[in-house]
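# Sequence and predicted model, in that order:
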Amino acid sequence: MMFFTPLKWEKDKLVILDQTLLPLKEKYLEIRDIETLYEAIVKLRIRGAPLLGIAGAFGVYLGIKDFRGDKEKLLKKMEETINYLAQSRPTAVNLFWGMERVRKKIMGNLHLHVEELKEIALQEAQAILEEDIRISQKIGEYGSKIIFQQDSVLTHCNAGGLATSGYGTALAVLFKAHEKGKKLVVYVDETRPLLQGARLTTWELQKAGIESYLICDNMAGVVMKEGKVKKVIIGADRVASNGDTANKIGSYSLAILAHYHSIPFYIACPVSTIDFSIKEGKDIPIEERSPEEILTIKGERIAPHNTKVYNPAFDVVPHHLITAFITEKGLVYPPFEKNLHKLIE
Ligand code: MRU
């Protein structure tokens, strides 16, 4: 079941749920141009790898929809739009993947007129959105098989409906298991500094009626030691072809903790999050965000002036710490280099 719509296309505009206001306010924003979309991505009003893929695809259409002129200039406008939106956030490969799919669609249909090209760009973005709904359901279906009755799972950040078209990746697994009548408990890392776990994941789990406990990120170790966690399931922003996985900052520490406590560690993601052009995790670009996110809480300063800050938004989980990937094509176990490739053969 989907409890909200994080993004939809309405006649001539994108309508998005502003995730920065959750869980206190459910407010929708209308996006009619790429500048507003860019701001929404950078400020994390929309976020999560699969949702960024969908947003990027619609972004290409937004960038060209009011264009008047010949085909050559339309293509130039499209490239400018893609280059502009590509500057917003670097880590989630889906953003680039979504834009590339629309680009390819246009380039493969150059016999069409300008207005028709615009129309197929919109159709492709809509197809990506609809596909994502089906993909999330499949990830949930495959993943639910590894969830036992009375299971307890720890998750990090938000890989739920809000990060996709409405059903999620890591949380899709939990939603589906719950729908099948499996009773489970979820430990939710608050996910400093932007609190996606506290604000978004607990909100989604409560809507679904799944029991959850919110913990600070630094409590994960003790919760594992006390035997409260049977598996960890998180999402991904970009997976290298050897299986190294970039996800929200803190994922690396969690993977080490899980390994130490012999707790299985799963990554749930669509195949579109695997970047086969990148060999290993060290080549994944990691976004660094503003020091203010760490120096302040709700606008209030919590550290002395002149405090130096390092604020990487993501880290990389080495493949040898990952038990399996949960994808829409099934579970993928090691050796990842070989088995991830099979997904696209
Ligand atoms: O900075 P964010 O909130 O966009 O980071 C999101 C994550 O790290 C998610 O875990 C990831 O995108 C997977 S979402 C299905």
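Sure thing, it's come through. Numbering: from 1, shown residues only.
# other SSEs contacting the host helix or strand of Ser212?
Ser212 is part of strand 211-215, with elements assigned from DSSP states H and E. Judged by 3 or more Cβ pairs under 8 Å, 6 or more residues apart in numbering; DSSP states H and E, strand 211-215 is in contact with strand 184-189, helix 202-208. In this view, the C-beta of every residue, glycine as well, is placed from N, C-alpha and C.
# As CSV, those with distance to the ligand would be great.
As requested, those are exported to CSV (distance: least, Cβ to the nearest ligand atom, whole Å):
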stretch, distance to the ligand
strand 184-189, 11
helix 202-208, 12
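# Out of the ones you listed, indicate the one that is most buried.
Highest mean neighbour count of these: strand 184-189, a mean of 22 (counted as mean count of other Cβ atoms under 10 Å).
# what's the spacing between the residue in the chain that the ligand sits nearest to and Ile64?
In the chain, the residue that lies nearest the ligand is Gly235 (2.7 Å; Cβ to the nearest ligand atom). Noted for Gly235: a distance of 30 Å to Ile64, by Cβ to Cβ, to the nearest Å.
# try Leu331
With the distance defined as Cβ to Cβ, Leu331 ends up 39 Å from Ile64.
# can you check Glu39 too?
On the measure of Cβ to Cβ, Glu39 and Ile64 end up 19 Å apart.
# Between these two, which has more neighbouring residues?
Ile64 (22 against 13; other Cβ atoms under 10 Å).
# Now do the same for the more buried one: its pLDDT.
Looking at Ile64, its pLDDT reads 98.
# quick one: it and Met78 touch, right?
Yes - contact criterion Cβ atoms under 8 Å: Ile64 and Met78 qualify, at 5.5 Å.
# who in the stretch 201-345 of the chain is up against the ligand?
Within reach of the ligand by Cβ under 6 Å from any ligand atom, the stretch 201-345 of the chain has these residues: Ile234, Gly235, Ala236, Asp237, Asn247, Lys248, Ala313.
# Skipping its backbone neighbours, what lies nearest the last one in space?
Meaning Ala313. Counting by Cβ to Cβ, 6 or more residues apart in numbering, Ala313 lies nearest to Glu287, which is 4.3 Å off, once chain neighbours are set aside.
# if I pick the one you found, what's in contact with it?
Arg89, Pro90, Thr91, Pro312, Ala313, Phe314 (Cβ atoms under 8 Å, 6 or more residues apart in numbering).
# Ok, Leu95 next?
Ile41, Ala49, Leu52, Gly53, Ala55, Gly56, Leu85, Ala86, Ser88, Arg89.
# Of the residues you listed, which are in range of the ligand?
Among those, the ones lying near the ligand by Cβ under 6 Å from any ligand atom are Ala49.
# most surrounded residue in the contacts of Leu95?
Of those, with other Cβ under 10 Å as the count, Ala55 tops at 31 neighbours.
# Could I get the phi/psi values of that one?
The phi/psi pair for Ala55 (degrees, to the nearest 10) reads phi -60, psi -40.
# Am I right that it is in contact with Leu37?
Yes - under the criterion of Cβ under 8 Å, Ala55 makes contact with Leu37 at 6.5 Å.
# shared neighbours, these two?
Leu14.
# just to confirm, which helix or strand has Leu52 in it?
Leu52 belongs to helix 49-64 when assigned by DSSP H and E.
# follow-up on the earlier one: ok, and the closest non-adjacent residue to the residue of the chain closest to the ligand?
Nearest residue to Gly235, sequence neighbours excluded (Cβ to Cβ, 6+ apart): Ala159, at 2.7 Å.
# Over to Val42?
Ser88 (5.3 Å).
# so the one you found, which of the three states?
coil (DSSP: H, G, I helix; E, B strand; the rest coil).
# Leu162 too?
At Leu162 the chain is in helix, as set by three-state DSSP.
# you'd agree it is up against Lys207?
No - judged on Cβ under 8 Å, Leu162 makes no contact with Lys207 at a distance of 10.6 Å.
# what touches both of those two?
Counting by Cβ under 8 Å, 6+ apart, the shared contacts of Leu162 and Lys207 are Phe4.
# Give me the neighbour count for Lys308.
Around Lys308 there are 7 other residues, counting by other Cβ under 10 Å.
# what packs against the helix or strand hosting His259?
Here His259, judged by DSSP H and E, is contained in helix 251-260. Contacts defined by 3+ Cβ pairs under 8 Å, 6+ apart place helix 251-260 against helix 220-225, strand 231-234, strand 265-268, strand 314-317.
# now the ones you listed in JSON lines, with mean neighbour count?
As requested, the helices and strands packed on helix 251-260 are exported to JSON lines (neighbours: other Cβ atoms under 10 Å):
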{"stretch": "helix 220-225", "mean neighbour count": "17"}
{"stretch": "strand 231-234", "mean neighbour count": "25"}
{"stretch": "strand 265-268", "mean neighbour count": "26"}
{"stretch": "strand 314-317", "mean neighbour count": "23"}
